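Asks: make a model of this:
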Amino acid sequence: MHPRNLSIEDFTYLLPEDRIAKYPLPQRDASKLLIYTRGRITEDIYRNLDQHLPANSLIIFNDTKVVEARILFQKPTGGVVEIFCLEPHEQYVDITTGMMQKSKVLWQCMIGGASKWKHGQLLEKKIKTHTKEMFLFAKYIEKRIDSFVIEFSWSDGSLSFVEILQCAGAIPLPPYIKRKVENLDAERYQTIYAHYQGSVAAPTAGLHFTDDLMQKLKTKKIQSEFITLHVGAGTFKPVKSKTLGEHEMHSEFISIPKRAIENILKNLPGNIVAVGTTSLRTIESLYWLGLKIKAGEKNNFMLSQWDPYELRDDSISVAEALDVVLEYMDKTNRKDLDVKTQIIIAPSYETRIAKALITNFHQPQSTLLLLVAALVGRDWKKIYTYALENDFRFLSYGDGCLLWINHAGTGEMTG
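Replies: Next up, the predicted model:
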């Protein structure tokens with residue numbers, strides 16, 4: 001069945017408010033870990049993850065970094081306007097380019113209190129850098145269907161926009177964590193390997209990893225590679241339509257180093273483990289990009305949400321698809337593959353690259369829960385029921401699971 005026809009009501013469950021983790025545990029790797037293998041469920045803690053992965057596995061991490069994307073401006077009349085920076089205006093080729101703009105930049109945003117802000121009106125905010133005070137200005141440029149275009153400008157043209165955000169903004173916690181941002185969130189809502197600025201939400205499966213755990217994985221000769229997917233606010237967007245076909249999946253910027261693609265190719269068809277739904281979407285996108293390049297597309301790659309279900313994929317293997325991508329990168333002198341992906345992974349999807357997923361527990365009727373259902377079939381209900389009955393903590397600051405992927409939800413593992 002094409003996932004357009006999936007009924008969203010089939011992917012819901014009762015999530016009590018008290019099961020949503022409001023704070024992280026004092027120790028990252030003390031979080032509980034549910035292990036799902038061939039229909040069997042066991043549990044442990046993240047500190048012992050190395051014991052549940054075979055030697056010579058390859059783990060894929062997302063090294064995106066959450067930016068201080070939430071900015072509050074106060075109008076002269078006293079009203080507060082909250083600006084939530086989503087992603088750069090389409091005139092910039094990628095997030096990094098937008099982040100490095102100086103003096104002014106255009107950004108797509110969500111606005112709290114938009115009715116209090118007239119088109120063209122300039123808001124200002126006094127901010128402190130490490131050395132001086134300066135002003136940040138925000139100008140309402142355009143209203144779009146689900147966002148606003150805002151022009152930010154600032155009085156010190158030597159600073160980039162990412163530096164301005166660090167001074168003026170706050171880490172944007174997910175909407176279901178119903179408390180104010182605290183000092184601990186600046187550290188704990190980032191992975192220890194976060195590097196490239198650009199996300200407005202953390203790749204939360206990675207929040208459980210510590211330096212000690214990373215060393216234990218290395219000691220067992222488990223390899224690591226890092227990709228980048230900048231998580232957008234769309235990750236929290238619930239599916240409100242009756243069927244998936246009426247839902248528009250959010251698109252996100254991804255960047256994959258050539259070295260990582262080469263290592264994935266070398267490890268096929270071995271135990272490639274994605275840490276987080278973002279990592280899984282990124283590496284699975286590689287296959288479909290290979291198909292598009294082979295079909296003659298050369299520039300402005302954009303994977304749409306239905307590509308995995310509508311592109312012909314019977315003429316090329318995974319290894320051949322990755323070879324096509326690498327050949328393209330060689331011809332165009334690219335060290336990194338930078339594209340946007342909108343693919344939606346839902347039941348009927350069969351993973352081409354990933355053999356396992358490490359992930360947190362997700363909201364009812366979310367695209368992230370649909371992704372889990374695509375990997376383990378109907379057993380997603382069994383997994384979530386077990387977690388609810390055994391005191392697992394849910395969502396971003398909660399516990400997580402290691403899911404070995406079932407083939408087409410039949411209960412048999414791929415590979």
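
Asks: show me which strand runs longest in this protein.
Replies: With secondary structure taken from DSSP state E, the chain has its longest strand at strand 133-143.

Asks: now the next helix or strand after it against strand 133-143, angle please.
Replies: With elements assigned by DSSP states H and E, the helix or strand that comes after strand 133-143 is strand 148-154. Relative orientation of strand 148-154 and strand 133-143, computed by axes from the mean of the first three to the mean of the last three Cα atoms, to 10 degrees: 160 degrees.

Asks: which elements pack onto strand 148-154?
Replies: Identification of packing neighbours for strand 148-154 by 3 or more Cβ pairs under 8 Å, 6 or more residues apart in numbering; DSSP states H and E yields strand 104-112, strand 133-143, helix 161-168. C-beta: built from backbone N, CA, C; applies to glycine.

Asks: residue 259 - nearest residue in space that isn't next to it in sequence?
Replies: residue 225 (7.4 Å; Cβ to Cβ, 6 or more residues apart in numbering).

Asks: picking up where we left off before, CA-only coordinates of the longest strand of the chain in PDB, if you can.
Replies: Taking Å, rounded to 0.1, in the frame of the first residue of the first chain, the C-alpha atoms of strand 133-143 are listed here in PDB:
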ATOM      1  CA  GLU A 133      26.400  46.600  23.900                       C
ATOM      2  CA  MET A 134      24.700  46.900  20.500                       C
ATOM      3  CA  PHE A 135      21.300  46.700  18.900                       C
ATOM      4  CA  LEU A 136      19.500  44.000  17.000                       C
ATOM      5  CA  PHE A 137      16.600  45.000  14.700                       C
ATOM      6  CA  ALA A 138      13.800  42.900  13.300                       C
ATOM      7  CA  LYS A 139      11.600  44.000  10.300                       C
ATOM      8  CA  TYR A 140       8.500  42.200   9.200                       C
ATOM      9  CA  ILE A 141       8.800  41.700   5.500                       C
ATOM     10  CA  GLU A 142       6.300  39.100   4.300                       C
ATOM     11  CA  LYS A 143       3.700  36.600   5.600                       C
END
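
Asks: how far does it sit from its chain's centre?
Replies: Per Cα atoms, centre = their mean, to the nearest Å, the displacement of strand 133-143 from the mean C-alpha position of its chain is 27 Å.

Asks: could the helices and strands packed on strand 148-154 go into CSV alongside distance to residue 247 and mean neighbour count?
Replies: As requested, these are arranged in CSV below (distance: least, Cβ to Cβ, whole Å; neighbours: other Cβ atoms under 10 Å):
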stretch, distance to residue 247, mean neighbour count
strand 104-112, 18, 19
strand 133-143, 22, 16
helix 161-168, 30, 20
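
Asks: okay if I get these as CSV plus mean pLDDT and distance to residue 192?
Replies: Formatted as CSV, these follow (pLDDT from 0 to 100; distance: least, Cβ to Cβ, whole Å):
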stretch, mean pLDDT, distance to residue 192
strand 104-112, 92, 28
strand 133-143, 91, 30
helix 161-168, 92, 19
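
Asks: still on that earlier bit, the residue nearest to residue 259 bridge partners, please.
Replies: Note on residue 225: beta-bridge partners residue 60, judged by DSSP bridges.

Asks: which strands and helices sit next to the helix or strand containing residue 36?
Replies: Using DSSP H and E, the element containing residue 36 is strand 32-37. Contacts defined by 3+ Cβ pairs under 8 Å, 6+ apart place strand 32-37 against strand 40-45, helix 379-389, strand 400-404.

Asks: on that earlier part again, mind putting the helices and strands packed on strand 148-154 into TSV with distance to residue 1?
Replies: Output for the helices and strands packed on strand 148-154, formatted as TSV (distance: least, Cβ to Cβ, whole Å):
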stretch	distance to residue 1
strand 104-112	34
strand 133-143	37
helix 161-168	43
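
Asks: grab the longest helix from this protein for me.
Replies: Under DSSP state H, the helix in the chain containing the largest number of residues is helix 277-294.

Asks: show residues contacting the helix or strand following that helix.
Replies: Using DSSP H and E, the helix or strand that follows helix 277-294 in sequence is strand 302-303. With contacts defined as Cβ atoms under 8 Å, 6 or more residues apart in numbering, strand 302-303 is touched by 251, 285, 288-289, 292, 339-343.
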